[in-house]
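Chemist: return atomic coordinates for the entry below.
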Amino acid sequence: MADNETIHFAFVKIETDEFAMPDSPFDPTMPVEMKTILNFGFFKNETIIKIQSKCEFYQKDKLALVIAVSCHFKIEMEDWKSIYSETQKTFTLSRMLAVHFAGLTVGVARGVLHGKTEKTIFEAFVLPPVNLLDFVKEDLISQEVPAVE
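Modeler: Residues are numbered from 1 along each chain as shown. This next block holds a predicted model:
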C-alpha cells in the first residue's frame, strides 16, 4: 500500500450535510459538551474518498447545535490502484493517510461552523484541536458493497 508521500489527490468538493440550532434554551455561561463522529467512504468509479466530520454540542444533555461537513478527495488513478484491490473488492486507507484527510475535513468543518454561527449566540462554539490519532487507531479497510438493483 502507498504511503502519504505517494498519494496524489485533489480537494474536489465540500458539503454541509447537516446544520441545526435546535430551539432548546441555551445559556452561554454554562458548560457545553461536544461529541465528534468521523465517517469514511469511497466512490470507486470516481476514485474519490469522502470523509465526514460530525460534531454535536450538548448543554445539560440537550442538543444545542449540530454540524456535519463532508469533504471529497479525488485520488489520481495510479495512486487509487495502490489503495483499492479490484480482485478483493477492498479499499484500504493507511492510518496516517486517513488521519491526514480527517484533519483537512475537521479544519473545513471548523470554518463552516464559524461562518454559520458568526454574530449569533453560538459564535463562541469552536471546534477544538482534536487528536485524530485517537479516532483512527489502525488502517481502514472497507469491503465494497454490491449495488442493490
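Chemist: please enumerate the helices of this protein.
Modeler: Along the chain, the stretches classed as helices by DSSP state H are 77-83, 95-117.
Chemist: residues of the longest one that come out buried?
Modeler: By that I understand helix 95-117. 97-102, 104-106, 108-110, 112-113, 116-117 (16 or more other CB atoms under 10 Å). (C-beta placed from N, C-alpha, C; glycine too.)
Chemist: which other helices and strands contact that helix?
Modeler: Using 3 or more CB pairs under 8 Å, 6 or more residues apart in numbering; DSSP states H and E as the contact criterion, the elements in contact with helix 95-117 are strand 9-20, strand 33-43, strand 48-59, strand 62-75.
Chemist: mean confidence for it?
Modeler: Across helix 95-117, pLDDT averages out at 96.
Chemist: kindly report the same for the first one.
Modeler: Over the span of helix 77-83, the pLDDT mean works out to 93.
Chemist: report the buried residues of it.
Modeler: 80, 83.
Chemist: can you give the contact residues for it?
Modeler: Identification of contacts with helix 77-83 by CB atoms under 8 Å, 6 or more residues apart in numbering yields 1-2, 6-9, 47, 75, 91-93.
Chemist: write the ChimeraX selection for whichever of these are buried.
Modeler: To isolate the buried members of the contacts of helix 77-83 in ChimeraX, using 16+ other CB under 10 Å:
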select :2,7,9,47,75,91,92,93
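Chemist: out of the contacts of helix 77-83, flag the one nearest to Y84.
Modeler: Closest approach between those and Y84, by CB to CB: F91, at 5.1 Å.
Chemist: now the closest one: how far from I7?
Modeler: As defined by CB to CB, to the nearest Å, F91 lies at a distance of 13 Å from I7.
Chemist: and if you look at S85?
Modeler: In this view, S85 and I7 are 16 Å apart by CB to CB.
Chemist: do S82 as well
Modeler: Distance of S82 to I7, given as CB to CB: 8 Å.
Chemist: kindly report the same for V69.
Modeler: Going from V69 to I7 by CB to CB gives 22 Å.
Chemist: got it, and K119?
Modeler: According to CB to CB, K119 and I7 sit 39 Å apart.
Chemist: and H72, how many neighbours?
Modeler: Neighbourhood size, H72 [other CB atoms under 10 Å]: 19.
Chemist: who does it form a beta bridge with?
Modeler: Beta-bridge partners for H72, by DSSP bridges, are K13, K50.
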